[in-house]
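Peer 1: Based on what follows, work out the 3D shape:
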Amino acid sequence: MSFSASSVHSDERVLDVQFTEDTISVGLVDGRVITVPLVWYPRLLGATASQRENWKIAGGGFGIHWPDIDEDLSTEGLLRGAPAPRFADRYKESRSSGAESHTRYGYEVEAWERAKAEAIREIGSQAKRESTITYSDLTQRIHSVAFGPNDHAFHSLLYEISREEDAAGRGLLSALVVRKEDGMPGQGYFNLARELGRDVTDPVRSWTEEMKLVFAKWH
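Peer 2: Residues are numbered from 1 along each chain as shown. Here you go, the predicted model:
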């Protein structure tokens, strides 16, 4: 199993957002600045200056949400040069009709909670076998919401699950969700682990200990 220490020490959480007439620049906590053409994101391109400036950090620090125009971007997507996630379009009508409080990341709360339950069931099934599951395989087993493995909303779902499971004393369940290429969790997992008080100085050791905790709780 290979692991890049540099990926653990990078911090892709959002620090700041700036606009020019034709670009958006997102500053990250680790000092990098991502600048991409504004035309890539039609909603932002068509928004007023005040609407663009009304942004909020979301998804545990790895996403940006513009409530006035129902737009969401993730730092992962920006780093990949990906277009804006399409999930916000699905509930544009409900948001505009005043139903915003009944949605999570653009999805109906009821569907979001079902998706969380499905994800917990699938990851828990792996925990009972002391095994892991890849991001892509997990998204294929969630049916209430159609996620892609790199979607900001999907990683926000994992963030919520791990915070809730840890608060219940069962550890960070998303420790068992890994990348196909190296069998390790993504950077978001390690940032959450640090946020919740884990010592991730030795990331592999920290992750291994967390998996053991989760395995024990699911037996």
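Peer 1: Walking through this structure, point out its helices one by one.
Peer 2: In the chain, the helices defined using DSSP state H lie at 5-9, 42-46, 49-53, 75-80, 92-96, 109-128, 135-140, 152-167, 187-195, 203-218.
Peer 1: The spatially most central residue of the chain and I123, how far apart?
Peer 2: For the chain, H155 is the residue whose C-alpha lies nearest the centre (Cα atoms, centre = their mean; 2.6 Å). Taking Cβ to Cβ, to the nearest Å as the measure, H155 falls 14 Å from I123. From N, CA and C alone the C-beta is placed, and that goes for glycine too.
Peer 1: can you check D68 too?
Peer 2: The gap separating D68 from I123 is 35 Å, by Cβ to Cβ.
Peer 1: got the helices of the chain as CSV, with distance to H102 and mean pLDDT columns?
Peer 2: CSV is the format used below for those (distance: least, Cβ to Cβ, whole Å; pLDDT from 0 to 100):
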stretch, distance to H102, mean pLDDT
helix 5-9, 37, 41
helix 42-46, 21, 80
helix 49-53, 22, 91
helix 75-80, 25, 82
helix 92-96, 7, 41
helix 109-128, 5, 94
helix 135-140, 24, 95
helix 152-167, 16, 90
helix 187-195, 26, 88
helix 203-218, 32, 96
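Peer 1: got JSON lines for those helices, with distance to L28 too?
Peer 2: Formatted as JSON lines, these follow (distance: least, Cβ to Cβ, whole Å):
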{"stretch": "helix 5-9", "distance to L28": "13"}
{"stretch": "helix 42-46", "distance to L28": "18"}
{"stretch": "helix 49-53", "distance to L28": "19"}
{"stretch": "helix 75-80", "distance to L28": "6"}
{"stretch": "helix 92-96", "distance to L28": "28"}
{"stretch": "helix 109-128", "distance to L28": "27"}
{"stretch": "helix 135-140", "distance to L28": "21"}
{"stretch": "helix 152-167", "distance to L28": "15"}
{"stretch": "helix 187-195", "distance to L28": "11"}
{"stretch": "helix 203-218", "distance to L28": "19"}
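Peer 1: Give me the domain ranges for the protein.
Peer 2: 5-107, 108-218 (automatic domain parsing).
Peer 1: So which of those domains is the most surrounded?
Peer 2: Compared across the domains of the chain, domain 108-218 shows the largest average neighbour count, a mean of 18 (mean count of other Cβ atoms under 10 Å).
Peer 1: distance between the ends of that one?
Peer 2: Domain 108-218 has an end-to-end distance of 29 Å (criterion: Cα to Cα, to the nearest Å).
Peer 1: how distant is that domain from the center of its chain?
Peer 2: With Cα atoms, centre = their mean, to the nearest Å as the basis, domain 108-218 stands 11 Å off its chain's centre.
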